[in-house]
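> coords please:
(chains A and B)
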There are 2 protein chains.
Amino acid sequence: MAKVIDGKQIASNLNQQTAMRTQTLINRGITPGLAVVLVGDDPASVIYTRNKSRQANRLGFYSVLKKYPAEVSEATLLGEIQKLNDDPQIHGILVQSPLPAHIPESRVIEAIAPQKDVDGFNPVNVGKLYTNDQTNYPVACTPRGIMTMLETMDIDVTGAEVAIIGRSHLVGKPLQSLMMNHDATVTILHHASQDANYYLKHADIVVVAVGKPQFLKANQVKPGAVVIDVGINRKPNGHLVGDVDYDDVSSVASAITPVPGGVGPMTIATLMQQTVDLAEWSTNND
Amino acid sequence: MAKVIDGKQIASNLNQQTAMRTQTLINRGITPGLAVVLVGDDPASVIYTRNKSRQANRLGFYSVLKKYPAEVSEATLLGEIQKLNDDPQIHGILVQSPLPAHIPESRVIEAIAPQKDVDGFNPVNVGKLYTNDQTNYPVACTPRGIMTMLETMDIDVTGAEVAIIGRSHLVGKPLQSLMMNHDATVTILHHASQDANYYLKHADIVVVAVGKPQFLKANQVKPGAVVIDVGINRKPNGHLVGDVDYDDVSSVASAITPVPGGVGPMTIATLMQQTVDLAEWSTNND
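I've put the predicted structure just below:
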């Protein structure tokens, strides 16, 4: 049976470190500041932003939550981003997606100052990560959280063969960058992939981020592989399940993340970690 | 026997198109302007920059070649870039690599205005390509040239399995982005890859960019695969050869690029094409 990768525990340890680093910064006169921008009232987004703001408060951050109605103009929103860019109390800015259809997400993301782009979505930061730039910059939180999990579990990425199902800008692509920068051999699989199982069956590490409940089965996985499940899906009976058929795949994998309690808690913990990174880096530039 | 992909011919056709587009622009009062910056006197760099400037002149561009001694300060070089960024006659700026060790290449590349970054190396443009941004931006010329070759030869990338040997920022990574944006399934192989042949033997398209003479052999390639050779190596006898053992691999591939006369001519033709793109895009922004 596979070892369970306890994301909740790893996230809790990470949060403790983040709280200590926050105290150290506060003692130096710098309070990490996180601004969360929410447009509209999508129920999931309301919950996500509230959780992020609460966790920021819990860690001792200066935290602001800016709410706008779904009809807000692009200009107003960009004006808010500009104010936050200029606000020295704010170190990290995130705009909760999705945005209403009339506001192009890319324009909003590009408006966030790269050094405050706590989600790591600004193309400058994406490009630096992809080219393995050796300076400090933020990266997407879910993939960074996955790397932290693997490191904590002593799972070596160097030289590993990795198959990632799903090529989103939030998970698949930045994770490919991080893995490749750690000398893994990485293939992203997607809806147009003709022979996904060829790659899956050979992979030492399989990551699934497709949003399809219990999609990955044991017969697609190499015995002993590490399986990371990024999906969170609610079944008709109300239960949460991942993109991996957990019971089935557990029988062949060497380690596996559960849902809930796997990747999920790591994302928000990494967001907090990265806010403190940005606050620290901002002082280095003074 | 493999069909030969005649890069020289495809580049020549592309140059004709570029010359026509240049005339159209000149008739509208806009002369495409290319600035090439050369630092030091590395013999290969001297030849490359001269070839680029000559080709720009031949096509009717406004072309400037800025030469600096190897001892130039970073500040002087960045000052030159700033002047070129501000010069409305210049649409494309390229700094020939390698730079002397005391000047960090990334800082110079990041100083080039993204909309004049004709090599497509600025992280903003790298990030936009990786995330498949749908606006106009320059991309690395060698990969773009390879895509043009494949398109000209009616080789479909959609759904293809692609193995790229070499993960450079000039070729491997941006080519992966372009291929993935065209719905290919792509694996980049590199020195830490444990089982490169597993990927090579399955690939519909193999691209080699490692700088090792006649590295790829027929027994590593799936019969009928398309093989793209990015390497240019000079053998002790003075002959130029690619990274592919051409005679050997020709016997199994369905199509193959020769060296010389394959990818090489496409790179410079694409650089010219992209300078005209930048000139056209600059007028759209007015």
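> would you mind naming what in the stretch 151-286 of chain A lies close to chain B?
With Cβ under 8 Å from any Cβ of the partner chain as the criterion, the stretch 151-286 of chain A meets chain B at residues A:158-159, A:161, A:167, A:169, A:173, A:177, A:180, A:183-190, A:192-196, A:198-199, A:202. Every residue, glycine included, has its C-beta placed from N, CA and C.
> show me how to select, in PyMOL, the buried members of those residues.
Selection command for PyMOL covering only the buried members of those, criterion 16 or more other Cβ atoms under 10 Å in any protein chain shown:
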select buried, chain A and resi 161+167+169+173+177+180+183+184+185+186+187+188+189+190+193+196+198+199+202
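> just the ones in strands from the residues of the stretch 151-286 of chain A next to chain B, please.
Among those, the residues falling in strands (DSSP state E) are A:Glu161, A:Thr185, A:Val186, A:Thr187, A:Ile188, A:Leu189.
> check whether the fourth one really touches B:Thr187, as I assumed.
Yes. Under the criterion of Cβ atoms under 8 Å, A:Thr187 makes contact with B:Thr187 at 4.4 Å.
> list the residues that contact both of those two?
With contacts defined as Cβ atoms under 8 Å, 6 or more residues apart in numbering or on different chains, the residues shared by A:Thr187 and B:Thr187 are A:Tyr199, B:Tyr199.
> mind listing what A:Gly120 touches?
So, once contact is read as Cβ under 8 Å, 6+ apart, A:Gly120 ends up touching A:Val126, A:Leu129, A:Tyr137, A:Pro138, A:Val139, A:Ala140, A:Cys141, A:Arg144, A:Pro174, A:Gln274.
> let's see it at 10 Å
A:94, A:114, A:126, A:128-129, A:137-144, A:169-170, A:174, A:270-271, A:274 (Cβ atoms under 10 Å, 6 or more residues apart in numbering or on different chains).
> low-confidence ranges in chain A?
For chain A, the stretches flagged by pLDDT under 70 are A:285-286.
> one more time with 80
With pLDDT under 80 as the threshold, chain A has low-confidence stretches at A:284-286.
> show me where it has strands.
A:3-4, A:33-39, A:62-68, A:92-95, A:161-165, A:185-189, A:205-208, A:226-229, A:233-234, A:240-241, A:255-256.
> just send those back as TSV, with distance to B:Pro100 too.
Output for the strands of chain A, formatted as TSV (distance: least, Cβ to Cβ, whole Å):
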stretch	distance to B:Pro100
strand A:3-4	50
strand A:33-39	40
strand A:62-68	44
strand A:92-95	37
strand A:161-165	37
strand A:185-189	34
strand A:205-208	40
strand A:226-229	43
strand A:233-234	54
strand A:240-241	56
strand A:255-256	47
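> how much space separates A:Gly79 from chain B?
Counting by Cβ to the nearest Cβ, to the nearest Å, the separation of A:Gly79 from chain B is 22 Å.
> re the thing from before, nearest to A:Phe215, of the strands of chain A?
strand A:205-208 (6.5 Å; Cβ to Cβ).
> contact partners for the residue nearest in space to the middle of chain A?
By Cα atoms, centre = their mean, chain A has its centre lying nearest to A:Thr142, at 1.9 Å. By Cβ under 10 Å, 6+ apart, the contact set of A:Thr142 is A:119-120, A:168, A:170-172, A:174-175, A:209, A:230, A:263-264, A:266-268, A:270-271.
> how is chain A carved up into domains?
Chain A breaks down into these domains under automatic domain parsing: A:29-113, A:141-264.
> now, of the ones you listed, which is deepest in the fold?
Counting by mean count of other Cβ atoms under 10 Å in any protein chain shown, domain A:141-264 has the highest mean neighbour count of the domains of chain A, with a mean of 20.
> what about it, start to end distance?
In domain A:141-264, first residue to last residue: 11 Å (Cα to Cα, to the nearest Å).
> equivalent analysis for stretch A:253-267, please.
23 Å.
> distance between it and the chain's centre?
Distance of stretch A:253-267 from the chain centroid (Cα atoms, centre = their mean, to the nearest Å) equals 13 Å.
> now swap in stretch A:268-278 and tell me
10 Å.
> give the buried residues for that stretch.
A:Ile268, A:Ala269, A:Thr270, A:Leu271, A:Met272, A:Gln273, A:Gln274, A:Thr275, A:Val276, A:Asp277, A:Leu278.
> out of these, the closest to A:Arg54 would be?
Nearest to A:Arg54 among the buried residues of stretch A:268-278, with distances taken as Cβ to Cβ, is A:Ile268, at 9.7 Å.
> any chance of CSV for the domains of chain A, columns distance to B:Glu80?
Compiled in CSV, the domains of chain A are given as follows (distance: least, Cβ to Cβ, whole Å):
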stretch, distance to B:Glu80
domain A:29-113, 26
domain A:141-264, 31
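> let me know which of those is the nearest to A:Asn13.
Closest among the domains of chain A, using Cβ to Cβ: domain A:141-264, at 7.8 Å.
> which ones are touching A:Ala255?
A:Ala255 neighbours (Cβ under 10 Å, 6+ apart): A:2-5, A:149-150, A:153-155, A:205, A:224-228.
> and it, how far from chain B?
19 Å.
> what bridges to that residue?
Beta-bridge partners of A:Ala255, counted by DSSP bridges, are A:Lys3, A:Val226.
> any idea how far it lies from B:Tyr198?
To B:Tyr198, A:Ala255 is 23 Å away according to Cβ to Cβ, to the nearest Å.
> got it, and A:Leu175?
For A:Leu175 relative to B:Tyr198 (Cβ to Cβ), the value is 21 Å.
> how about A:Thr18?
Counting by Cβ to Cβ - A:Thr18 and B:Tyr198 are separated by 40 Å.
> for chain A, which segments count as helices?
Using DSSP state H, the helices of chain A run over A:7-27, A:43-58, A:74-86, A:105-111, A:123-130, A:141-152, A:172-181, A:196-200, A:246-250, A:263-284.
> distance from the first one to the middle of the chain?
On the basis of Cα atoms, centre = their mean, helix A:7-27 is displaced by 17 Å from the centre of the chain it belongs to.
> and that helix, what does it pack onto?
Judged by 3 or more Cβ pairs under 10 Å, 6 or more residues apart in numbering or on different chains; DSSP states H and E, helix A:7-27 is in contact with helix A:43-58, helix A:141-152, helix A:263-284.
> just the angle between it and helix A:141-152, please?
Helix A:7-27 and helix A:141-152 are oriented at 100 degrees to each other (axes from the mean of the first three to the mean of the last three Cα atoms, to 10 degrees).
> then the fifth one?
Note on geometry: by the same axes, to 10 degrees, helix A:123-130 and helix A:141-152 are set 30 degrees apart in direction.
> tell me which residues touch A:Asn219, please.
Applying Cβ under 10 Å, 6+ apart, the residues contacting A:Asn219 are A:Asn197, A:Leu200, A:Lys201, A:Asp248, A:Val249, A:Val252.
> now swap in A:Pro98 and tell me
With contact set as Cβ under 10 Å, 6+ apart, A:Pro98 has these partners: A:Val39, A:Gly40, A:Asp42, A:Ala44, A:Ser45, A:Glu105.
> try A:Gly40
Listed by Cβ under 10 Å, 6+ apart, the contact set of A:Gly40 reads A:Val46, A:Lys67, A:Tyr68, A:Pro69, A:Ala70, A:Glu71, A:Val72, A:Gln96, A:Pro98, A:Leu99, A:Pro100, A:Ile103.
> who touches the second one in this structure?
It refers to A:Lys67. A:Val36, A:Val37, A:Leu38, A:Val39, A:Gly40, A:Asp41, A:Val46, A:Thr49, A:Gln96.
> so the second one touches A:Asn85, yeah?
No. Counting by Cβ atoms under 10 Å, A:Val37 does not reach A:Asn85; the two are 11.9 Å apart.
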